[in-house]
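Participant: Quick one, structure for this:
(one chain, ligands or ions: 1)
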Amino acid sequence: MRKKIVAGNWKMNTTPAEGVELAKAVAAGTRNVDKSVNFIVAPPFTHLSEVMKVTRGTGVAVSAQNCADEAKGAYTGEVSAAMIASLGVEYVLLGHSERREYYGETSATLNKKMALAYANNLIPIYCIGEKLEEREAGKHFEVVKSQIEEVVFNLTAEEFSKLVIAYEPVWAIGTGKTATADQAQEIHAYIRSVLKGKFGEAADQTVILYGGSCNPSNAKELFSKEDVDGGLIGGASLKADDFIAIGESF
Ligand code: 13P
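Facilitator: Residues are numbered from 1 along each chain as shown. As a prediction, this is how the structure comes out:
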């Protein structure tokens with residue numbers, strides 16, 4: 001049985017005070033949800049410390065949205081994996097398409113970030129996914145394969161056993177256009193087969209999340225698919241009720 005995860009990527013939204021209220025509401029709402037569902041919230045860096053305080057002991061885990069690709073030193077504006085981990089944060093999103101697209105993150109950058117995340121005992125949630133033109137050209141399998149080969153294939157078996165993958169087709173992010181459950185299943189199964197080719201049966205335990213306009217109305221169908229182990233939620237994670245309802249969709 002694979003872990004079920006619903007993770008909320010708040011992106012650059014909420015003030016720290018609003019974030020604390022949202023985290024409290026999520027923690028309160030998850031109390032009645034089946035304990036097999038693992039909730040994670042990923043607020044901006046400025047919120048992490050306070051959000052840790054209100055989620056501690058509630059079963060809601062916390063993730064950062066990014067970390068620096070260097071360990072420490074003269075890198076103005078960056079936040080290191082060690083700083084994040086020192087707060088008790090458990091996860092870090094790496095390779096989100098918005099970071100690849102707007103901040104030029106490449107596989108080379110992501111290999112450095114992955115190594116630092118593991119060195120600091122953070123669990124990476126590694127995001128992959130194709131753009132609209134790549135899907136239309138039938139290149140989506142090829143794209144996700146390279147994103148996996150160039151980064152995930154560099155992990156040790158021990159590191160890989162902890163990794164979470166999030167498949168987020170760029171054309172479905174914030175667009176209201178969700179991949180159909182069959183499209184999601186097709187590519188999730190493919191992703192698992194690529195992982196199996198390198199890491200063998202360990203890939204049967206890898207949690208693969210779907211992300212992209214996932215909401216309370218479509219989550220049930222998506223999560224009913226064999227290889228869809230949960231969701232990475234953007235917009236709908238900013239409303240505690242919607243986020244919880246997605247968690248109740250398994
Ligand atoms: P939306 O749920 O807003 O489409 O965002 C998905 C996402 O990018 C989560 O990381």
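
Participant: Please look at residue 50 and residue 19 and confirm they touch.
Facilitator: Yes. The pair residue 50 and residue 19 qualifies as a contact (Cβ atoms under 8 Å) at a distance of 7.2 Å. C-beta coordinates here come from the backbone N, C-alpha and C atoms, glycine included.

Participant: Those two: who's more crowded?
Facilitator: Here residue 50 and residue 19 are compared on neighbour count by other Cβ atoms under 10 Å; more neighbours surround residue 19, at 22 against 16.

Participant: Can you get me a residue count around residue 42?
Facilitator: Residue 42 sits with 28 neighbouring residues when counted by other Cβ under 10 Å.

Participant: hang on, it packs against residue 66?
Facilitator: No. Residue 42 is beyond contact range of residue 66, at 9.5 Å (criterion: Cβ under 8 Å).

Participant: can you list residues touching both of those two?
Facilitator: When Cβ atoms under 8 Å, 6 or more residues apart in numbering defines a contact, the residues bordering residue 42 and residue 66 alike are residue 93.

Participant: what's the neighbour count on residue 235?
Facilitator: Tallying neighbours of residue 235 according to other Cβ under 10 Å, which is how burial is gauged here, yields 18.

Participant: need the contact list for it.
Facilitator: Taking Cβ under 8 Å, 6+ apart as the contact definition, residue 235 lies against 174, 213, 215.

Participant: Which residues does stretch 130-138 contact?
Facilitator: By Cβ under 8 Å, 6+ apart, stretch 130-138 touches 97, 139-140, 143-144, 169-171.

Participant: mind listing which of these are in strands?
Facilitator: Among these, no member falls in strands (DSSP state E).

Participant: For the closest residue to the ligand within the chain, give me its contacts.
Facilitator: When you check the chain against the ligand by Cβ to the nearest ligand atom, the closest residue turns out to be residue 234, at 2.2 Å. With contact taken as Cβ under 8 Å, 6+ apart, residue 234 is in contact with 9, 11, 173-174, 211.

Participant: if I pick the residue nearest to residue 47 when sequence neighbours are not counted, what's in contact with it?
Facilitator: In this structure, residue 47 finds its nearest non-sequential neighbour in residue 19, 3.9 Å apart by Cβ to Cβ, 6 or more residues apart in numbering. Contacts for residue 19 (Cβ under 8 Å, 6+ apart) come out as 10, 43-44, 47, 50-51.

Participant: ok, which stretches of the chain are helices?
Facilitator: The residue ranges that make up the helices of the chain, judged by DSSP state H, are 16-30, 48-55, 81-86, 97-102, 107-119, 132-136, 140-149, 157-160, 181-199, 219-223, 240-247.

Participant: Which residues outside the longest one are in contact with it?
Facilitator: Put plainly, it is helix 181-199. Counting contacts by Cβ under 8 Å, 6+ apart, the residues outside helix 181-199 that touch it are 128, 140-141, 144-145, 148-149, 152-153, 157, 160, 165, 167, 169, 179, 202-204, 206, 208, 210, 218, 221-222, 224-228.
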